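A.B. asks: Okay, sequence plus prediction incoming.
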Amino acid sequence: MTELTADEASGSGGGRWAPGEHILWRYRDNATPHIHICRPVTVVQDTADLLAVWMAPGTRCVKPVLVDGTSVHQEPLATRYTKPRTTTTSRWFGTGVLKLARPGAPWSVWLFWERGWRFKNWYVNLEEPRARWAGGVDSRDYFLDIAVAPDRRWHWLDEDEFAEARRVGLLDEEQAERVLAAGRAAVRDVESWAAPFADGWENWRPDPRWGVPELPDDWDRTPAHMTT
């Protein structure tokens, strides 16, 4: 990994990114400190209340795979989190994703569309509160998710993966309880139709002048300084 200098890491990490800037949205492996998911995104909005980014169709991303190249989700659940892994790159298929995150919140809200911009659903990704650095934000995924339909009905996702992560020790009981509490708090936001669900983001569209951000060679660089 490439270590950033303090000057490099203090850049936008302590300020705000402008709409149209390219940053990295990354996740650390749950068993190690290493980055295993990296997605180049375009900043839509960055304020004290909300970071909104757009992941364009065709974006080249980093994702985890088993060392033999098997997709993580093709591996049986019983061995999915215990077999050795590595990373590979692939293009984001289908339509793009709008990601919304409140500073300090232990989840982010993603919006998905069908082709032709027919809104599909919101997706609540339970995760460690994101740490900002000059080149983007870093987090750790907490396995459990929530799907929210356009008619506001919701349901839990990946409960089996959450249970397996607890079983193999990727989450201890204290962490698991915090994740469940965060999920219940997110559900309260859904049921009261609070921000960002009530803010009309499903009608948002990307600037047609935006290109697709490139995945840098040093996508796994370690920031010298990070902020929340």
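C.D. replies: Now that the structure is in, tell me what you want to look at. Residues are numbered from 1 along each chain as shown.
A.B. asks: got the phi/psi numbers for residue 182?
C.D. replies: phi -60, psi -40 (degrees, to the nearest 10).
A.B. asks: residues contacting the spatially closest residue to it that is not a sequence neighbour?
C.D. replies: Closest residue to residue 182 apart from its sequence neighbours, by CB to CB, 6 or more residues apart in numbering: residue 106 at 4.1 Å. C-beta coordinates here come from the backbone N, C-alpha and C atoms, glycine included. By CB atoms under 8 Å, 6 or more residues apart in numbering, the contact set of residue 106 is 126, 127, 128, 129, 142, 178, 179, 182.
A.B. asks: how much space is there between the second one and residue 58?
C.D. replies: Plainly put, residue 127 is 24 Å away from residue 58 if you go by CB to CB, to the nearest Å.
A.B. asks: Same check on residue 117?
C.D. replies: Using CB to CB, we find residue 117 at a distance of 16 Å from residue 58.
A.B. asks: cool, and residue 25?
C.D. replies: 16 Å.
A.B. asks: what's the answer for residue 36, then?
C.D. replies: 21 Å.
A.B. asks: With neighbour numbers in mind, choose between those two.
C.D. replies: residue 36 (22 against 11; other CB atoms under 10 Å).
A.B. asks: Quick check: which element contains residue 94?
C.D. replies: Under DSSP states H and E, no helix or strand contains residue 94.
A.B. asks: who touches stretch 24-37?
C.D. replies: In contact with stretch 24-37 (CB under 8 Å, 6+ apart) are residues 38-41, 53, 55, 61-64, 81, 85, 87, 99, 127, 135-141, 165, 170-171, 216, 219-220.
A.B. asks: can you tell me which of these are in helices?
C.D. replies: Using DSSP state H, the members of the contacts of stretch 24-37 that fall in helices are residue 165.
A.B. asks: Now list the buried members of the contacts of stretch 24-37.
C.D. replies: Neighbour-count burial (16 or more other CB atoms under 10 Å) applied to those gives 38-41, 53, 55, 61-64, 81, 85, 87, 99, 127, 135-141, 165, 170-171, 219-220.
A.B. asks: Filter those residues down to just the ones in strands.
C.D. replies: 38-41, 53, 55, 61-64, 85, 87, 99, 127, 136-139, 141 (DSSP state E).
A.B. asks: Pull the contacting residues for residue 146.
C.D. replies: Contacts were defined as CB under 8 Å, 6+ apart; by that measure residue 146 touches 123, 124, 126, 154, 155, 156, 157, 183, 186, 187, 190.
A.B. asks: ok, then the element right after the helix or strand bottoming out on mean pLDDT in the chain?
C.D. replies: Lowest on mean pLDDT, DSSP states H and E among the helices and strands of the chain sits helix 6-10, with a mean of 32. Per DSSP H and E, helix 6-10 leads on to strand 22-28 as the next helix or strand towards the C-terminus.
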